[in-house]
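Chemist: Let me see the structure of the following:
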Amino acid sequence: MPPWSSGSRRYFPILHVLQADLKGFRQLPKSDGSLLCPIIPLAQASGAHRLKNTLIAIRQAINGTSEFFIADLADSLGEGLPQDKIRDVHRDLQKLASADGNFSMWRKFIRENNDMVPVIRMEATTAEEALDVQVDDFLDLGRGMVIRLRPRRQGPVTAKAKRVIGRVAKSDRLDELLVVVDLEDIRESLTPSAVAEAILTECAIASGGKKLTVATAATSFPVEFNGTALEINEYPIVERQVNEQVIGSLSDMNIRVLYSDYGSARVRNKEKRGGPGYPRIDYATRNIWYSNRQKDGELGAGGYQAAAAEIMGCDGWIDDLNIYGANMIREAASGELEKRINATFWVGVRINLHLHSQAHYHASKEDLIESAKEDDWED
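Modeler: Numbering: from 1, shown residues only. Next up is the predicted model:
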């Protein structure tokens with residue numbers, strides 16, 4: 001059965017094959033697996049020369065938390081790299097992206113990997129036959145399938161999506177389809193929500209009135225940060241605002257609206273995570289990211305210790321939250337920082353906290369604390 005067939009699984013974060021994203025997911029409480037399922041655009045994992053090594057990294061991250069993941073392909077698959085940088089993993093991924101034989105390599109790959117729910121290969125130039133063949137193949141597998149619409153990147157593909165929806169609806173198996181409208185980078189909610197509502201209204205019409213499962217995705221995680229050592233900055237999670245607006249606007253339609261985001265990261269899979277600069281620690285809650293950066297403060301270990309102490313004093317901090325990300329902040333505040341004096345480590349901490357808080361978005365504070373009875377973690 002598709003992962004969205006469970007009434008409790010309402011969160012489908014888009015995670016890149018990067019160290020911070022995968023570790024943040026790996027350190028979730030295992031019980032969170034009943035509430036979320038990742039969408040993973042396949043790309044070269046760190047240090048991987050072969051595709052199988054990327055798949056190993058993904059499966060190690062989701063093992064014990066999620067039995068499956070939604071498989072897509074990343075935007076950059078090695079095109080334009082110097083010849084001496086091209087690896088087998090790039091060649092294999094480019095074969096999977098090929099439209100030859102109605103995406104025959106992609107369809108074969110999905111058939112051979114039972115833990116994958118496929119994203120339908122779809123662009124403005126995709127032939128109707130290629131869409132139909134994918135739909136029929138993936139219906140035969142019975143795992144579900146996903147349309148990921150990216151209006152900024154794909155061009156006019158809504159008509160293609162409507163064809164897929166109509167074909168699945170004729171088979172009376174719309175419960176096996178998830179339509180994700182991915183708005184990518186956003187900074188406010190009104191325009192993105194209007195775009196999503198327009199697209200989803202057309203999709204609902206294509207379903208012929210039958211119930212359609214959809215999700216909105218986006219990221220508003222800041223590109224630049226403000227503040228000094230003694231300040232806590234708050235950044236609203238605008239992608240949640242968009243989702244709530246879409247739910248309200250489409251309430252009279254036969255649509256089930258789920259939630260997706262980028263796990264508190266940015267869109268580009270090749271974007272450098274962390275890097276030089278002031279020590280900074282972020283803390284994710286349901287609707288706000290809290291951040292402290294040590295501008296005009298200490299550098300190195302002392303800076304991270306000071307940032308952690310400031311974060312523990314922010315309005316959103318939950319003293320009794322016993323989860324990996326929160327415990328890493330507690331340990332940093334007490335001076336335990338061996339091998340943790342780098343920005344990438346703290347990105348993984350933030351992603352872990354964000355995924356957990358969004359998976360339990362509708363839970364009370366007491367239930368959120370109870371759900372985070374933490375398993376052992378790797379350090």
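
Chemist: now the helices for the stretch 101-250 of the chain?
Modeler: Using DSSP state H, counting those that start in this stretch, the helices of the stretch 101-250 of the chain run over 128-141, 151-154, 158-170, 190-206, 238-249.

Chemist: Can you lay out those helices as CSV showing distance to Ala343?
Modeler: C-beta: built from backbone N, CA, C; applies to glycine. Shown next, in CSV, are the helices of the stretch 101-250 of the chain (distance: least, Cβ to Cβ, whole Å):
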stretch, distance to Ala343
helix 128-141, 39
helix 151-154, 28
helix 158-170, 38
helix 190-206, 28
helix 238-249, 22
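
Chemist: Is Glu67 located within a helix, as I assumed?
Modeler: No: judged by DSSP: H, G, I helix; E, B strand; the rest coil, Glu67 forms no part of a helix; its state is coil.

Chemist: Number of residues surrounding the closest residue to it other than its chain neighbours?
Modeler: The shortest distance from Glu67 to any non-neighbouring residue, by Cβ to Cβ, 6 or more residues apart in numbering, is to Asp115 (6.6 Å). The local packing of Asp115 (other Cβ atoms under 10 Å) involves 15 other residues.

Chemist: where's Asp115 relative to Gly263, distance?
Modeler: Separation of Asp115 from Gly263 (Cβ to Cβ, to the nearest Å): 19 Å.

Chemist: Could you do His356 as well?
Modeler: Using Cβ to Cβ, we find His356 at a distance of 11 Å from Gly263.

Chemist: Also Gln44?
Modeler: 19 Å.

Chemist: Next: Ala43.
Modeler: 15 Å.

Chemist: Ok, Ser249 next?
Modeler: 25 Å.

Chemist: Show me which of these two is the more surrounded one.
Modeler: Of the pair Ser249 and Gly263, Gly263 is the one with more neighbours under other Cβ under 10 Å, namely 27 against 16.

Chemist: Which residues are in contact with the more buried one?
Modeler: Pro13, Ile14, Leu15, Asp21, Gly24, Phe25, Ile351, His354, Leu355 (Cβ atoms under 8 Å, 6 or more residues apart in numbering).

Chemist: Let's see that with 7 Å instead.
Modeler: Residues near Gly263 by Cβ atoms under 7 Å, 6 or more residues apart in numbering: Pro13, Ile14, Leu15, Asp21, Gly24, Ile351, His354, Leu355.

Chemist: Just put those in TSV and tack on distance to Pro3.
Modeler: What follows is the contacts of Gly263, written out as TSV (distance: Cβ to Cβ, whole Å):
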residue	distance to Pro3
Pro13	12
Ile14	14
Leu15	14
Asp21	18
Gly24	19
Ile351	20
His354	19
Leu355	15
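
Chemist: Could you tell me which of these belong to helices?
Modeler: Using DSSP state H, the members of those that fall within helices are Asp21, Gly24, Ile351, His354, Leu355.

Chemist: The second one touches Leu353, doesn't it?
Modeler: Put plainly, it is Gly24. No: with contact defined as Cβ atoms under 7 Å, Gly24 does not reach Leu353; the gap is 8.2 Å.

Chemist: if I look at these two, which residues touch both of them?
Modeler: Common contact partners of Gly24 and Leu353 (Cβ under 7 Å, 6+ apart): none.

Chemist: which two in the ones in helices among the contacts of Gly263 are spaced the farthest apart?
Modeler: Asp21 and His354 (10.6 Å; Cβ to Cβ).

Chemist: Any stretches of the stretch 151-300 of the chain with poor pLDDT?
Modeler: Along the stretch 151-300 of the chain, segments meeting pLDDT under 70 span 269-276.

Chemist: how close does the spatially most central residue of the chain get to Ala57?
Modeler: For the chain, the residue nearest the mean C-alpha position is Ile14 (1.8 Å; Cα atoms, centre = their mean). Ile14 sits 17 Å away from Ala57 when distances are taken as Cβ to Cβ.

Chemist: try Lys85
Modeler: From Lys85 to Ala57 the distance is 19 Å (Cβ to Cβ).

Chemist: One more: Asp261?
Modeler: From Asp261 across to Ala57, the span is 22 Å (Cβ to Cβ).

Chemist: Comparing those two, which residue is more hemmed in?
Modeler: Comparing Asp261 with Ala57 by other Cβ under 10 Å, the one with more neighbours is Asp261, at 27 against 19.

Chemist: tell me the contacts of the more buried one?
Modeler: Neighbours of Asp261 in contact, by Cβ under 7 Å, 6+ apart: Pro13, Ala217, Ala218, Thr219, Glu239, Gln358.

Chemist: in the sheet, who's paired with the nearest residue to Leu149 once chain neighbours are set aside?
Modeler: Once flanking residues are discounted, Leu149 sits nearest to Val181: 5.1 Å by Cβ to Cβ, 6+ apart. Following DSSP bridges, Val181 is listed with bridge partners Leu149, Thr216.

Chemist: Kindly state the domain boundaries assigned to the protein.
Modeler: 3-224+236-259, 280-371 (automatic domain parsing).

Chemist: And the longest one, end to end?
Modeler: End-to-end distance of domain 3-224+236-259: 13 Å, with Cα to Cα, to the nearest Å as the criterion.

Chemist: likewise the shortest one?
Modeler: By Cα to Cα, the extent of domain 280-371 from end to end equals 27 Å.

Chemist: Next, report how far it is displaced from the centre of its chain.
Modeler: Distance of domain 280-371 from the chain centroid (Cα atoms, centre = their mean, to the nearest Å) equals 19 Å.

Chemist: residue ranges for the strands of the protein, please.
Modeler: Counting by DSSP state E, the chain has these strands, from start to end: 39-42, 69-73, 116-118, 145-149, 177-185, 212-219, 233-236, 255-259, 280-284, 288-293.
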